[in-house]
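Trainee: my questions are about this predicted structure, shown below with the sequence.
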Amino acid sequence: MQPVFRFAPSPNGHLHLGHAFSALLNARMAAEKGGRFLIRIEDIDTSRCTDSLVADCLDDLAWLGLAWEEPVLRQSTQFARYGAAADSLASHGLVFRCTCTRGDIQKAAGEDAPRDPDGAILYPGTCRDHGAGEGPFALRLDCRAGIATLSGPLHWRETGEGAEQVIPADPSIWGDAVLIRKDVPASYHLAVALDDAMQGVTHVVRGRDLYAATAIHRLLQSLLGLPAPVYHHHALILDEEGKKLSKSAVSTPLRQLRAQGVTAGDIRRRLGFG
Ligand code: GLU
């Protein structure tokens, strides 16, 4: 089977050096393995991901010298699929409606409530246990019920530290994750699990910041009968001396560097792809 890699930016702002590193690493690993390289635009946040940011993002990637397969999948065109998947989980009793606001959750969970890896309060189970109220609702995964359907422990294959490792996945760290948001008919976790499978992605190469998210992605893959890719979570980008780049250097938009006369070659060399 030909390997499939993807770089999946969320264009709710301009791409910076961190994105460039991730995209270049994906493309290099794809080339080394004779694989395909896709770009996926993760623009479910339709109020923030404007058409012009999407166009700028693709323009920046082309400027960097990257080439990818067309057509580029935009998640904002796929809401019906995400809804259908949530419905299918609901038909197995694994989903509940939740009308809680952030304030409701804070109040119900209390001051020292446990948090998920992103720092959000773990859902205290209000609507799961007592039913949803009136008004707009999100759909949440009943995490305990989902885990209870598994035939064994979850894990994933990780190559980010060198030799392949098998990492135990504990999706309960995310609690009853939102599958369909109140404001947008999708969520990052659901969309990424579905699209990696639909696009036949075999290798997920992405930043360390998404390492913990893999546990909930593995649970969703398992519940939805989707294959598990191999994961490669890369470390923060380093400069030529192997030192961490400063925060401002990492977050300067590529466009700004371009406007200052920095070339794509300069960036590739600086990131170790010279
Ligand atoms: N769209 C996500 C981000 O930009 C990355 C998704 C992924 O690689 O799984 O943070």
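Mentor: Perfect, I can see it now.
Trainee: from now on I want contacts and neighbour counts done on CA atoms only, so please keep to that.
Mentor: OK.
Trainee: any idea which helix or strand comes after the worst-scoring helix or strand of the chain on mean pLDDT?
Mentor: One helix or strand of the chain scores below all others by mean pLDDT, DSSP states H and E: helix 247-251, with a mean of 72. Following helix 247-251 in sequence order, the next helix or strand is helix 254-259 (DSSP states H and E).
Trainee: that next one: which residues count as buried?
Mentor: For helix 254-259, a neighbour-count test (16 or more other CA atoms under 10 Å) marks Leu254, Arg255, Leu257 as buried.
Trainee: OK, contacts around the second one?
Mentor: What it means is Arg255. Residues in contact with Arg255, defined by CA atoms under 8 Å, 6 or more residues apart in numbering, are His14, Leu15, Asp60.
Trainee: closest one of these to Ala197?
Mentor: Minimum distance to Ala197 across the contacts of Arg255 is 25.1 Å, recorded for Leu15 (CA to CA).
Trainee: tell me the contacts of the nearest residue to the closest one once chain neighbours are set aside?
Mentor: Spatial nearest neighbour of Leu15, excluding adjacent residues (CA to CA, 6 or more residues apart in numbering): Pro253 at 5.6 Å. Counting by CA under 8 Å, 6+ apart, Pro253 touches His14, Leu15, His16, Leu17.
Trainee: in the sheet, who's paired with the residue nearest to the first one when sequence neighbours are not counted?
Mentor: For His14, the nearest residue in space outside its immediate sequence neighbours is Pro253; the separation is 5.7 Å by CA to CA, 6+ apart. Counting by DSSP bridges, Pro253 is bridged to His16.
Trainee: quick one: which helix or strand includes Glu161?
Mentor: Per DSSP H and E, there is no helix or strand for Glu161.
Trainee: next, count neighbours for it.
Mentor: 11 (other CA atoms under 10 Å).
Trainee: could I get the phi/psi values of it?
Mentor: Torsion angles at Glu161 (phi, psi; degrees, to the nearest 10) stand at phi -110, psi 10.
Trainee: residue contacts, it?
Mentor: Counting by CA under 8 Å, 6+ apart, Glu161 has no contacts.
Trainee: just the CA trace of the strand or helix carrying Trp156, in CSV.
Mentor: According to DSSP H and E, Trp156 maps onto strand 154-158. Extracted in CSV, the C-alpha atoms of strand 154-158 (Å, rounded to 0.1, in the frame of the first residue of the first chain):
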residue,chain,number,x,y,z
LEU,A,154,-6.3,1.1,22.9
HIS,A,155,-2.8,2.1,21.7
TRP,A,156,-1.1,3.8,18.8
ARG,A,157,2.1,3.4,16.9
GLU,A,158,4.5,6.4,17.4
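Trainee: that strand packs against which elements?
Mentor: If you count contacts as 3 or more CA pairs under 8 Å, 6 or more residues apart in numbering; DSSP states H and E, strand 154-158 packs onto strand 165-169, helix 213-224, strand 230-234.
Trainee: including distance to the ligand, mean neighbour count and mean pLDDT, could those go into CSV?
Mentor: Formatted as CSV, the helices and strands packed on strand 154-158 follow (distance: least, CA to the nearest ligand atom, whole Å; neighbours: other CA atoms under 10 Å; pLDDT from 0 to 100):
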stretch, distance to the ligand, mean neighbour count, mean pLDDT
strand 165-169, 16, 14, 98
helix 213-224, 8, 21, 98
strand 230-234, 9, 19, 97
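Trainee: now the residue lying closest to Gly135 once chain neighbours are set aside: how far from the ligand?
Mentor: Using CA to CA, 6+ apart and skipping residues adjacent in sequence, the residue nearest Gly135 is Thr99, 6.7 Å away. Between Thr99 and the ligand the computed distance is 26 Å (CA to the nearest ligand atom, to the nearest Å).
Trainee: which residues touch Thr99?
Mentor: Thr99 makes contact with Cys127, Ala132, Gly133, Glu134, Gly135, Pro136, Phe137, Ala138 under the criterion CA under 8 Å, 6+ apart.
Trainee: in strands only, show me these.
Mentor: If you go by DSSP state E, those have Ala138 in strands.
Trainee: low-confidence bits of the chain, can you list those?
Mentor: Along the chain, the model assigns pLDDT under 70 to residues 238-248.
Trainee: quick one, helices of the stretch 51-200 of the chain?
Mentor: 51-63, 79-91, 102-109, 126-130, 143-148, 188-198 (DSSP state H, counting those that start in this stretch).
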